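**Student:** Fold the following.
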Amino acid sequence: MSRLKIIFTSILLISSIFAQEIQSTYEQTANKIISALEGDSIGYNRLGYLCDMFGPRLSGSRNLERAIDWAISEMKKDGLTNVKGERVKVPTWIRGEESLKILVPFERDLRVLGIGGSVSTNKGGVRGEVVVVDSFDDLERNKKNVRGKIVLYNVPFTTYGETVKYRYDGPIRAAKYGAIASLIRSVGTWSMDTPHTGTMGEYKTAKKIPHAAITSEDAMMISRISKRGKRVVLKLNMDAKFVEDRWSRNIIAELKGSTHPEEIVVIGGHMDSWDVGQGAHDDAGGCIAAWRAVTLIKELGLRPRRTLRVVLWTNEENGSRGSRNYRNEHLNELENHILAIESDGGVFAPQGFGFTGSKEARKVVYDIADLLDPIGAGKITNWGRAPDIAILNDEGVPVMSLNVDNSKYFWYHHTSADTFDKVDYGEFNDCIAAMAIMAYVVADMEQRLPR
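**Tutor:** Numbering: from 1, shown residues only. The predicted model follows:
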């Protein structure tokens, strides 16, 4: 047998032995966590309370700060340690009153949601004929016909990353050719007359035009009318504005490690949401799932070697200042951040985790994931750089993002329909189980997760 083959065989044998050790050491604990959640309503009821009692939680809002006060108080009652709010200055955009009306070829009010960061219309609104385009290339082809008109990007959803660029850059591109406003077909896979909001990019020129989302149904209707060679005239009113930055907080709470308390496994989500609906899937569910995962570990009498730290970030939706502030506040301890896990894709049926880290760490994570097979969450994919933890990954911290069945996520994303009733009890508890098992094993196993 060649030396190379001997080395390769040895590596496989060591890997197999480690996988067996993970199974034999933690299988009983994993099943205990899963069983404990079969009849557990603590997280689900807490999620309902957060959604119903505080409502939408946009950065800078009183709703968000009241929700943060409540979470800190409850975490202390749960017996978690080092519970605190770390102050962060956040941007404050206020929607104000808004309306959209079709005037030609008939009159009717249309559903509209201003895009976060948009300027207002002039007093009395803007009125203009609509130019419908289906891409930025189409806008370029029609640029001579845009001046003094409202541009509508009627772009069907493909992937979020591909389609969201029209929400992000739409007004900048349209203003370049003299448009007076820009509208987008809502970024979502399905609609029941539900417009989707979200954030836009910063205005890059002195020419700033209002930017809003309309429903898929209305965008398609306007496009059909336009293709018949008929004029469509709209009137848009928006009172949106920025005010001075306000103070918010990241929430920190810990279950201290028994032998290596200085080594930290982060688990969390973001507390802020858009200013419509309740932000149930985005991201109250992720926050409560992470929180409940750690308190359940504590209640079961499990004490991992390393510290489990719950982090509920602020201002993910329209600024990401919470994640930057966390990085800056904890820069001196990032070398001892073993792993960061985030749930920010809804709390539907979990399928596994995306992971970004070293090849050596990936092998370990694969072995741990086998413990999640009983709840169908044992699949590890690439890319764990969820929004609030990507900045930690930039500093070398391995990161994981909870992956779920997202077939309905963009039905509700950034809409008034993202409410608690859309959360399934069993699926939500399985999300808690997946996060609890992964976080606990990484925090407790004898060796550190390799970088």
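
**Student:** give me phi/psi at the residue most central in space within the chain?
**Tutor:** In the chain, the C-alpha closest to the average C-alpha coordinate belongs to D344, at a distance of 3.5 Å (CA atoms, centre = their mean). The phi and psi values for D344, taken as degrees, to the nearest 10, are phi -150, psi 40.

**Student:** how about it, what does it touch?
**Tutor:** Listed by CB atoms under 8 Å, 6 or more residues apart in numbering, the contact partners of D344 are 269-270, 282-283, 286, 316, 386-388, 401. Just so you know, the C-beta spots here come from the backbone N, C-alpha and C atoms, and that holds for glycine as well.

**Student:** Quick check: it vs E395, distance?
**Tutor:** Here the criterion is CB to CB, to the nearest Å. By it, D344 lies 19 Å from E395.

**Student:** where does the closest residue in space to W190 that isn't next to it in sequence fall, phi/psi-wise?
**Tutor:** Distances taken as CB to CB, 6 or more residues apart in numbering place W411 nearest to W190, at 4.5 Å, with adjacent residues excluded. The phi and psi values for W411, taken as degrees, to the nearest 10, are phi -70, psi -40.

**Student:** Could you do Q351 as well?
**Tutor:** Torsion angles at Q351 (phi, psi; degrees, to the nearest 10) stand at phi -120, psi -20.

**Student:** burial measure for it, as a count.
**Tutor:** For Q351, the tally of surrounding residues (other CB atoms under 10 Å) stands at 19.

**Student:** show me the contacts for it.
**Tutor:** For Q351, the contacting residues are 376-377, 379, 403-405, taking CB under 8 Å, 6+ apart as the criterion.

**Student:** Let's see that with 6 Å instead.
**Tutor:** The neighbourhood of Q351, defined by CB atoms under 6 Å, 6 or more residues apart in numbering, consists of 377, 379, 403.

**Student:** Next: D193.
**Tutor:** D193 sits in contact with 111, 215, 217, where contact means CB under 6 Å, 6+ apart.

**Student:** And M400, by the same measure?
**Tutor:** Contacts for M400 (CB under 6 Å, 6+ apart) come out as 341, 353, 355, 384.

**Student:** In this structure the last one contacts G352, no?
**Tutor:** So that's G384. No. Under the criterion of CB atoms under 6 Å, G384 makes no contact with G352, lying 10.6 Å away.

**Student:** Compare neighbour counts for the two and give me the winner.
**Tutor:** Shown here are G384 and G352; by other CB under 10 Å, G384 has more neighbours (25 against 22).

**Student:** Per-residue pLDDT of the more buried one, please?
**Tutor:** Among the per-residue scores, G384 holds a pLDDT of 98.

**Student:** what's near enough to touch it?
**Tutor:** For G384, the contact set (CB under 6 Å, 6+ apart) comprises 354-356, 399-401.
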